[in-house]
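Colleague: Using only what follows, build the 3D model:
(one chain, ligands or ions: 2)
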Amino acid sequence: MARETWGSRIGFVAAAIGSAVGLGNIWMFPMRAGLYGGAAFLIPYLIVLFAIGVVGLTVELTLGRATRGGPIEAFAKTLPGGKYLGILVNAIMVMIFAFYSLVLGWILRYFIASLTGELTGVNPGAFFDSLAFSKEALLWQFIMIVMTVAIVAMGVQKGIKRANKIMMPALFVLLVVLAIRSVTLPNAYEGLKFYLLPDWSKLMSGKTWIVALSQMFFSLSVLGTTMVVYGSYLKEEDDIPLSAIATAFGDTAVAVTAGFLVFPAVFSFGLEPTAGPGLVFVTLPMVFQKMPGGAFFGALFFLLLIFAGLSSTVSMLEVYVDSAITKLNMSRRNASILLGLLTFLVGAPSTVNPSYFDWLINISTVYIGPLGALIAALALIKLGVDRAYEELKKGALIEVSELWKPWVKYLYPIVIAVIYVSQFLLG
Ligand code: PHE
Ligand code: NA
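Modeller: Ligands and ions are numbered 1, 2, ... in the order given. Take a look at the predicted model:
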């Protein structure tokens, strides 16, 4: 059977941005920027985004298109033991989807509670404590997995592309509406000060650069998996370099705008800024209780998170669904359902067990995840940077400097190795 393709450039870019834009943008980026230099953080972030992130996207998309396959195919064709490395990164995707779907389940529950008005009358902290790590959360996690399965089962064009072409524009509108609401609140400037007041001294600290780099890899979905598979659905006449730039730009625009949504609102009501679950499930719900029209804006906010999250989980599941289709000869429909169930089995214990939840996150995003990007880089180098460069140029709408070759061969893998090691050293 011929490999599926995207069928349109705009559809592919929507899907790539959809994968990139996720919880990483909304609950991690703003807080990290606030802590690591405010507006000054944008300098290291944008430098690593263009020097490393865009390059990483071109590496993975090119590897996928050149080998016409996902990670198992791409690594098996290029690296000794590549097949097993491919299986390893597929397993990492299962783990990421497993914990991500639990968080999305909580989000779905909050969305419903905002619609029904239930969330306005409760203490958000208590509401979260009774939901998180309860058996009830299993149901919400399951529903989010089913939604992901439904989209993936419909295929690359009819499912993934179509869903992203609806969700991405809606996400941008919601984000802008919510950011405007936030910056027009009384005392909004206190939040803007926390977010943006530049602290130049932070630029000199290695930790700031490492945080920028590891945030960026996760945020762009550059882990040797999703972008390889998404690249494998590109045709020779499709453009890679400009799409990589558009993806990096879109992802960063959402992350930066999310800070305008979060901090003015939090500070306007005299609350403390936080990151992660505390921000989304406790602090912001308190903000929505106090804000005029807060129930409405709260519902919009959780809908925004559902769109951001679902377009990412689709890109996670697609990685191993594609592997099952091509390597095990399964039908797309059966592969989606079976692997959705498998993910639920892997994720379900995290629903009631916080330490297993943390373990899943750490293994998949800190200890093994970043190695996926390194393996993909090595695979491309083994394929040959000259050949990869020719592949990259096919269909390209802009010219890519020959410097890309040494950049990919030396600088890029070294930078990944350095962040990988230093995140353990710097803690
Ligand atoms: N980029 C997504 C985010 O920022 C997460 C993700 C990682 C999605 C890896 C797909 C693959 O939340
Ligand atoms: Na992201």
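Colleague: mind checking pLDDT for the closest residue to ligand 2 within the stretch 51-200 of the chain?
Modeller: The minimum distance from the stretch 51-200 of the chain to ligand 2, using C-beta to the ion, falls at Gly53 (10.5 Å). Yep, even glycine has a C-beta here, placed from its N, CA and C like the rest. Confidence at Gly53, expressed as pLDDT, is 97.
Colleague: Then Met204?
Modeller: Per-residue confidence (pLDDT) for Met204: 89.
Colleague: Repeat that for Phe260.
Modeller: Value for Phe260, per-residue pLDDT: 96.
Colleague: surely it meets Ala179?
Modeller: Yes - between Phe260 and Ala179 there is a contact at 4.2 Å, judged by C-beta atoms under 8 Å.
Colleague: Which one's more surrounded, these two?
Modeller: Comparing Phe260 with Ala179 by neighbour count (other C-beta atoms under 10 Å), the higher total belongs to Phe260, at 22 against 19.
Colleague: The more buried one is in what secondary structure piece?
Modeller: Using DSSP states H and E, Phe260 sits within helix 241-268.
Colleague: Against which helices or strands is that helix packed?
Modeller: helix 9-20, helix 29-35, helix 42-48, helix 54-67, helix 162-183, helix 188-196, helix 284-290 (3 or more C-beta pairs under 8 Å, 6 or more residues apart in numbering; DSSP states H and E).
Colleague: Buried residues, the last one. List them.
Modeller: Going back to what we said before, that points to helix 284-290. Neighbour-count burial for helix 284-290, counted by 16 or more other C-beta atoms under 10 Å, picks out Leu284, Pro285, Met286, Val287, Phe288, Gln289.
Colleague: how about these, which pair is most distant?
Modeller: Leu284 and Gln289 (9.8 Å; C-beta to C-beta).
Colleague: contacting residues around the residue in the stretch 251-400 of the chain positioned nearest to ligand 1?
Modeller: Residue nearest to ligand 1 within the stretch 251-400 of the chain (C-beta to the nearest ligand atom): Ser312, separated by 4.1 Å. Residues near Ser312 by C-beta atoms under 8 Å, 6 or more residues apart in numbering: Gly18, Ser19, Ala20, Val21, Gly22, Leu23, Tyr100, Ser221.
Colleague: Give me the secondary structure label for the residue in the stretch 301-427 of the chain that ligand 2 sits nearest to.
Modeller: At 7.6 Å from ligand 2, Ser312 is the closest residue in the stretch 301-427 of the chain, using C-beta to the ion. Secondary structure, DSSP: H, G, I helix; E, B strand; the rest coil: Ser312 is helix.
Colleague: for the protein, what are the low-confidence residue spans?
Modeller: Flagging of the chain using pLDDT under 70 yields the residue ranges 1, 427.
Colleague: Give me every residue in it lying close to ligand 1.
Modeller: With C-beta under 6 Å from any ligand atom as the criterion, the chain meets ligand 1 at residues 19-20, 22-25, 96, 218-219, 221, 223, 226, 312, 315-316.
Colleague: Any quick ChimeraX command for the buried ones out of those residues?
Modeller: In ChimeraX syntax, the buried subset of those is picked out as below (16+ other C-beta under 10 Å):
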select :19,20,22,23,24,25,96,218,219,221,223,226,312,315,316
